[in-house]
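>>> return a 3D structure for these sequence lines:
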Amino acid sequence: MKNPLQQAVSPLHALLRAVRRPSARKRLAALQRDVGRLLRIDPVFVARDAHAFHAGASRVQPAPWLAGYEQKLEAQGGRIHLQRFCLCCNETTPMLVDMESSWQGRDGARVLNWRERLICDQCGMNNRQRLVAKLVQQAAAEHERARIYLTEQVTPIFQWVRRLPATDVHGSEYLGDQHRGGDVMDGVRHEDAMNLSYPDASFDLIVSNDVLEHIPDPAKALRECSRVLRPGGVVLATFPFQTGSEATVVRATLGAGGLKHLLPAQFHGNPVSAEGSLVFQDFGWDLLATMRQAGFSDAACEVYMNDAFGHLGVPLLVFRLRK
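You can find the predicted model right below:
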């Protein structure tokens, strides 16, 4: 006859044995995904102009413990992992913070780039990418079968989005003007954002992560996005944005006379080119008018910050355009 301790432990052992079975592990994984879809993230506030943004900015101040974090990071050898809940992995994971992509401040000290770091050890996405991925999941859930286009294809966020259930996901990279839209090279599709090869009304959702600033004519690219969106469709876009500037600053132009630099050349990382991508514009608030003129009924800047989910350091801006 079993003693009381054995009677209590035996059901636990049985449960553990059941969880080890492949079928049970699959059911648990599916349950975890379902729970993850129920978690929702919303902006701290939404701004449709500079005045609204600055009025709400006081509500997204960085946590006091982040003050002087660069010195703490240096004391820890330049690399720290913060434990935060990753909305893409549906669990608490280590997120890497280091000085890569940092810049020199006015006082000469290095400034940590929170937007591009906080890279989850499991899914490989950084701060802004994890946020956008979750917003894509939320937007896709509004459709029976969402047709989604990402202006990237060889990145962790594309791989994550393409695994979302009940979706039809497409992606591309810019591979050079020697290619035609729709050409596929080594499994990667080429598209020029200013001249997409997709038919009208092809997608419910378009995702543009830090691409628009690298396009010579962003207004033309926005018109193309509007063209290939279905009525009611949405664009989610991120890009470096000058919240203190009303007007966009053009850094370079590309016309019949070739490339012309108006300011010192600036490059950002490019997953398909070691040379990086040239920055053509530093966007200001006049971009929202450009977005509306391109065919969108609404264009708004959503502001996010959430320490628990690893969206911290600086407010994260996501522009949501609705056709």
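>>> tell me where the stretch 201-323 of the chain has strands.
Using DSSP state E, counting those that start in this stretch, the strands of the stretch 201-323 of the chain run over residues 203-209, 229-238, 249-250, 252-255, 258-261, 267-270, 273-278, 281-282, 298-306, 311-322.
>>> make JSON lines out of these and add distance to residue 54, mean neighbour count and mean pLDDT.
C-beta here means a position set from N, CA and C on the backbone, and glycine is covered the same way. Supplementary listing: the strands of the stretch 201-323 of the chain in JSON lines, determined by distance: least, Cβ to Cβ, whole Å; neighbours: other Cβ atoms under 10 Å; pLDDT from 0 to 100:
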{"stretch": "strand 203-209", "distance to residue 54": "25", "mean neighbour count": "24", "mean pLDDT": "98"}
{"stretch": "strand 229-238", "distance to residue 54": "20", "mean neighbour count": "20", "mean pLDDT": "98"}
{"stretch": "strand 249-250", "distance to residue 54": "19", "mean neighbour count": "12", "mean pLDDT": "96"}
{"stretch": "strand 252-255", "distance to residue 54": "29", "mean neighbour count": "14", "mean pLDDT": "92"}
{"stretch": "strand 258-261", "distance to residue 54": "32", "mean neighbour count": "10", "mean pLDDT": "92"}
{"stretch": "strand 267-270", "distance to residue 54": "26", "mean neighbour count": "14", "mean pLDDT": "76"}
{"stretch": "strand 273-278", "distance to residue 54": "30", "mean neighbour count": "13", "mean pLDDT": "76"}
{"stretch": "strand 281-282", "distance to residue 54": "18", "mean neighbour count": "20", "mean pLDDT": "96"}
{"stretch": "strand 298-306", "distance to residue 54": "11", "mean neighbour count": "19", "mean pLDDT": "97"}
{"stretch": "strand 311-322", "distance to residue 54": "12", "mean neighbour count": "20", "mean pLDDT": "95"}
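>>> could those strands go into a markdown table alongside distance to residue 191?
Converted to a markdown table, these look like this (distance: least, Cβ to Cβ, whole Å):
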| stretch | distance to residue 191 |
| --- | --- |
| strand 203-209 | 11 |
| strand 229-238 | 15 |
| strand 249-250 | 23 |
| strand 252-255 | 17 |
| strand 258-261 | 21 |
| strand 267-270 | 15 |
| strand 273-278 | 15 |
| strand 281-282 | 20 |
| strand 298-306 | 22 |
| strand 311-322 | 18 |
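>>> the ones you listed: which one's closest to residue 154?
Closest to residue 154 of those, according to Cβ to Cβ: strand 267-270, at 10.2 Å.
>>> show the pLDDT at the spatially most central residue of the chain.
By Cα atoms, centre = their mean, the chain has its centre lying nearest to residue 129, at 3.1 Å. Residue 129 is assigned a pLDDT of 97 by the prediction.
>>> ignoring the adjacent residues along the chain, who's closest to it?
residue 157 (4.7 Å; Cβ to Cβ, 6 or more residues apart in numbering).
>>> mind jotting down where the helices sit in the stretch 1-150 of the chain?
4-20, 22-38, 50-56, 69-75, 127-140 (DSSP state H, counting those that start in this stretch).
>>> endpoint to endpoint, stretch 108-116 covers what distance?
When the termini of stretch 108-116 are compared using Cα to Cα, to the nearest Å, they are 20 Å apart.
>>> same question for it: list its buried residues.
Within stretch 108-116, the residues that count as buried by 16 or more other Cβ atoms under 10 Å are 112, 113, 114, 115, 116.
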